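Engineer: The amino acid sequence is not available; the structure is as follows:
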C-alpha cells in the first residue's frame, strides 16, 4: 500500500505563524481583538481545567471576555483560518474543538444569529386594534421578554382557529385570494378569527418587531417571501435561545387546536442543539402556559383536557366494549357541545374523542371519520365549510355495510344521525364533496 505523506504544516509552524497574532472579530455587535495565544492556552488546558471552565456557571468570563464570546471566537478562528486543514494539530485539541461544536459542553450557538430582520412584508400590514388588545391586554406585569413572546404565541393560538372555508375551498379561487391579500389582515378580529398559517405568522412577526425582536420567516420551498403560496414558520432569538414558531405543524393536531385543549404545545420550541437549553426553554413555556390556564380558570373558560376526559371515561367503565357505539356517540355529542369549540378545532376535538372512546381494533373495524366539504353552508357568510361524516357499525363498516349507521357532524357542532340516501343526495347535488380524491365514506 502506497504511503500517503501529509502535506500539513507542523505544530511548530502553526505557533510561529500565530503565537504573536491577534484575532479580530465582532460578536453580537461587540468588537474584539483577542491574542491567539489565549486560544492556544485555552485548548491546551488539562481535562479537569477545560471541563470546569466550560461547565462552571460561576465562571462567566475568560480573560475578561464573556465566556461564550471567547469560546465562540476560538472556534471561529479555527474554522475561518482553516487551521485543521492546514496544520497537524494534536488530536486531543481537535477532539475538544469538535466537542465544542456540538454545543453540549457550553451553548454559544445563538451568537451572531438574528441580529437583523430581512423580512419586509410585516411592515405592510396593520393589526386590528381590538385584536391587538385581546392578545396583549392580559399579559402579566414584570415578566421577561421571552415569557412575553411565549404568552403572545399561546394567546394567539387560543384566539385564532384555522379557516375551514379555506380547506374546503377547492376551486373557489376568490377564497384563496382573500387570504393572500395583506390588507385582509386588518379585518381579522377576535370575532372574525378564522386564519391560515401565513396570517398567523405575519401577525406574530409584526408583534415581534414591535417588541424589538429580530426574526426570519421560512416559507416552504421558497427563498423569498412567498406570502399566501406556501406553509410558513419563523425563527427568532432571545439571548441564548433560538426559537421556532409554527402554530400549524398540522391542521388537526397543531397548536391552534392543542392550546384550546390545554395540551402540550409542539409548534413553539427551542431549536438549540444543547439539551439543557432546550429543557430550560420548555420549563419557561410550561410556566407561562400554567399562568394562562390559571387566568382561564378564574374567568370560567377553562377547557377540560383530554387526559382529564380519559380519566373520567375510564371511571365510567373498565371495559370499553361494555358501551355500545350509540352510547359512545351520545358521550361524544355531550362533550362536543360542552366544549364550545368551532370549525377545525371542533373537528380535531371530535377525532381525538373518538380515539379515546374506541379501542384500536374498533377504530379499524367499527367506526370511520371522513372529512367533507359542504358547499351549501350553514353559515351565510361562508361559501364552504369543512364538516365530518362518522360511519358506525357494531359488526364491520366494510364487510357488513348494510348495517352502517351514519352521523353528520355539521359546522354548528351538532351530531345527527342521517340516512345513506340523505348523503347520496347531498353528493349528487354537489352540496357535499370529498376534500381529497382518496377520501370515501364506507358503504357509500
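Structural biologist: Cool, the structure landed. Since the model is a prediction, treat every value here as computed from it, not as a measurement.
Engineer: To what extent is residue 35 buried, counted in neighbours?
Structural biologist: Applying other C-beta atoms under 10 Å, we find 15 residues neighbouring residue 35. Yep, even glycine has a C-beta here, placed from its N, CA and C like the rest.
Engineer: For it, give its distance to residue 200.
Structural biologist: Per C-beta to C-beta, to the nearest Å, residue 35 is found 49 Å from residue 200.
Engineer: Equivalent analysis for residue 26, please.
Structural biologist: 34 Å.
Engineer: can you list contacts of the longest helix seen in the chain?
Structural biologist: Ranked by residue count and defined by DSSP state H, the top helix of the chain is helix 275-299. With C-beta atoms under 8 Å, 6 or more residues apart in numbering as the test, helix 275-299 has contacts from 104, 107, 138, 140, 143, 146-147, 150-151, 154-155, 158, 240-241, 243, 262, 265, 268-270, 272, 302-303.
Engineer: Return the subset of these lying in strands.
Structural biologist: 241, 243, 268, 269, 270 (DSSP state E).
Engineer: Please name the bridge partners of the third one.
Structural biologist: When you say that, I think you mean residue 268. Beta bridges link residue 268 to residue 245 when assigned by DSSP bridges.
Engineer: hang on, isn't it packed against residue 245?
Structural biologist: Yes - at 5.4 Å, residue 268 counts as touching residue 245 under the criterion of C-beta atoms under 8 Å.
Engineer: ok, these two, which is more surrounded?
Structural biologist: Remark: of residue 268 and residue 245, residue 245 carries more neighbours, 26 against 23, as counted by other C-beta under 10 Å.
Engineer: Any figure for the gap between that one and residue 154?
Structural biologist: Distance from residue 245 to residue 154, by C-beta to C-beta: 11 Å.
Engineer: now residue 356
Structural biologist: 24 Å.
Engineer: What is the helix or strand where residue 165 lies packed up against?
Structural biologist: If you go by DSSP states H and E, residue 165 is part of helix 164-168. Packed against helix 164-168 by the contact rule (3 or more C-beta pairs under 8 Å, 6 or more residues apart in numbering; DSSP states H and E) you find helix 173-180, strand 194-195, helix 343-357, strand 367-374, strand 385-392.
Engineer: Need these in CSV (columns: mean pLDDT, mean neighbour count and distance to residue 230).
Structural biologist: Formatted as CSV, these follow (pLDDT from 0 to 100; neighbours: other C-beta atoms under 10 Å; distance: least, C-beta to C-beta, whole Å):
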stretch, mean pLDDT, mean neighbour count, distance to residue 230
helix 173-180, 88, 14, 11
strand 194-195, 96, 22, 16
helix 343-357, 92, 21, 19
strand 367-374, 96, 20, 22
strand 385-392, 96, 22, 21
